[in-house]
Every structure is written in C-alpha cells, then in structure tokens.
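Chemist: Need coordinates for the below:
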Amino acid sequence: ALRCLRPSTCTLALTRQLTHHRPHMGPVETTIQTKLTQALKPEHLEVINESHMHAVPAGSESHFRVLVVSPQFEGLSLLQRHRLVNETLKEELSTCVHALAIQAKTPQQWSSNPSLAKSPPCMGGSKHDNTMAEKLKAGRD
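Modeler: Below you'll find the model as predicted:
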C-alpha cells in the first residue's frame, strides 16, 4: 500500500476545522488539512483524497487535490502561492504524497468564482500496465 513511510509524522490533532468533518479522513488527509490551516489560516479549505481515481491499492492516501482560499495569497503570483503550499507540505510530498493538485485563491478570487476544479480520470500510467496504449488511444478518440 502507498502509505506514509513515517506514520507518526503524518498524524496531528486537528486544531481548527474549516470544512465539515468527513467521517473517514485518513491520517495523511488530516495532516494536510492541519498543516495548511495552521500555516495559511485559510478562509476556505478543501482537501480531497483522489487516490481512488488512480491505480493504487484501496485505502491509499497518495493523490490529493487542495483548494486553499487565504488572504496570505494577496499580491503573490500563482507560482508563489503554489510554492507556499508545497513548502507547507514538503514532508508529506517527500514521503507519502505522490501527487498534489493545488488551487490557491485569494478571498476576492474565491468570491467571484467559488468552485473547485475537477480532476480528469486517471489514464493509468504504470509502465507495467499492458492496457496503457489502449487507454491512450481511447482518450484521443
């Protein structure tokens, strides 16, 4: 299973929860939410485990999408915002998180377009997946 290599570093108590509690949040998802909350003090935060959309074992916590709406993003370029999120989650990105899709918005941007982008379906990608050529061809049709 693709899990955090150091589970003790991937579990923290959630100090402030901005979104409704999801009953089955795993330790990595909880840690991502906690760290982003503490570092960026977002007005809105969504952390979505998208691992089930990829070729990973059930229950994995390896692919995430985050939406962070923070006043701290004011005056920063999109690249600077993404770097700030990546820096906040550097331990998880170096150990247990394989992919992180980021939407980083200012409160003004969020109020004008309060939506979360959707991820495209996973096309596989394992070099050991014999059906990859078929999947790619089907994606082009």
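Chemist: Now do the helices in the protein.
Modeler: 27-40, 78-88, 90-95, 107-112, 132-140 (DSSP state H).
Chemist: Just say which of the ones you listed is most tucked in.
Modeler: helix 27-40 (a mean of 20; mean count of other CB atoms under 10 Å). To be clear about C-beta, it is placed using only N, CA and C from the backbone, and glycine gets the same treatment.
Chemist: can you list contacts of stretch 84-93?
Modeler: Stretch 84-93 is contacted by residues 4, 9-10, 28, 31-32, 35-36, 39-40, 66, 68, 72-73, 76, 97, 100, 102, 104 when judged by CB atoms under 8 Å, 6 or more residues apart in numbering.
Chemist: Please repeat the previous calculation with a cut-off of 7 Å.
Modeler: Residues from elsewhere that reach stretch 84-93 (CB atoms under 7 Å, 6 or more residues apart in numbering): 9-10, 28, 31-32, 35-36, 39-40, 66, 68, 97, 100, 102, 104.
Chemist: what's the burial count for S60?
Modeler: Using other CB atoms under 10 Å, the number of residues around S60 comes to 19.
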